[in-house]
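Colleague: okay, here's the prediction I keep looking at, along with the sequence it came from:
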Amino acid sequence: MPDDKRKSIGFVVLYGILLFAVAGVLIAISLYIHSRSESHTNEIRSTQQTTLKNVQDENATLRQLVDDLNLNAAEKAKEIERLVDEIAMQGKHAEMLSAMSIAYMHCLNNRFSLARDMFETINPEHFTEDELASYERLKLRIY
């Protein structure tokens, strides 16, 4: 029996060494897979951070562009409003000059009542000096 016992002990020792060797190999494989996985995860994380930074930079650039466009649009709107007002003023001015011309034509044709009616519609508020002088001469001629 001592031979059987010895075989048994040898088998247990061999089986134990083999078991520990397999466990060591499995641990080594697990560590290798884990390190590769961690490396891949770090690479993905780095790529995501770079992409996020790029998106944030682009977002900031676009926000600045939108702010600039809004400011520019507001300035353009004010300029357009000023030009519209100026054109309206010029239109009124042209109407006053036209009314003055029509009143003068009525005077030349001795239609003084029509000339007075037309003259009363004239507002000389924005006339130049020459236009005011003509306005005063017409007024003397009509009245």
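Modeller: Great, that's in hand.
Colleague: quick one: list the elements packing against the longest helix along the chain.
Modeller: Longest helix in the chain, counting residues (DSSP state H): helix 2-108. When contacts are defined as 3 or more CB pairs under 8 Å, 6 or more residues apart in numbering; DSSP states H and E, helix 2-108 packs onto helix 112-119, helix 129-142. Where you see a C-beta, it was placed from the backbone N, CA and C, and this is true even at glycine.
Colleague: which stretch among the ones you listed comes nearest residue 92?
Modeller: Nearest to residue 92, of all these, is helix 129-142, at 13.0 Å by CB to CB.
Colleague: between that closest one and helix 112-119, how big is the angle?
Modeller: Compare the direction of helix 129-142 with that of helix 112-119 by axes from the mean of the first three to the mean of the last three CA atoms, to 10 degrees and you get 150 degrees.
Colleague: one step back: hey, which of the helices and strands packed on helix 2-108 is tucked in deepest?
Modeller: helix 112-119 (a mean of 17; mean count of other CB atoms under 10 Å).
Colleague: now do that helix, average pLDDT.
Modeller: The average of the pLDDT scores along helix 112-119 is 93.
Colleague: now do that helix: everything it contacts.
Modeller: Under the contact criterion CB atoms under 8 Å, 6 or more residues apart in numbering, helix 112-119 has outside partners 99-100, 102-104, 106-107, 138-139, 142-143.
Colleague: can you give me how far that helix is from the chain middle?
Modeller: In terms of CA atoms, centre = their mean, to the nearest Å, the gap separating the centre of helix 112-119 from the centre of its chain is 57 Å.
Colleague: again with stretch 79-90
Modeller: Its chain's average C-alpha position is 27 Å from that of stretch 79-90, according to CA atoms, centre = their mean.
Colleague: same check, this time on stretch 98-118
Modeller: 56 Å.
Colleague: from here on, call the first residue 162.
Modeller: That works, and once the first residue is 162, the last one we named lands at stretch 259-279.
Colleague: low-confidence stretches in the chain?
Modeller: 162-163 (pLDDT under 70).
Colleague: mind running it again at 90?
Modeller: Scanning the chain for pLDDT under 90 picks out the ranges 162-174, 194-203, 286-287, 302-304.
Colleague: if I look at the residue positioned nearest the centre of the chain, how far off is residue 176?
Modeller: Most central in the chain under CA atoms, centre = their mean is residue 227, positioned 1.7 Å from the mean C-alpha point. The spacing between residue 227 and residue 176, counted by CB to CB, to the nearest Å, is 74 Å.
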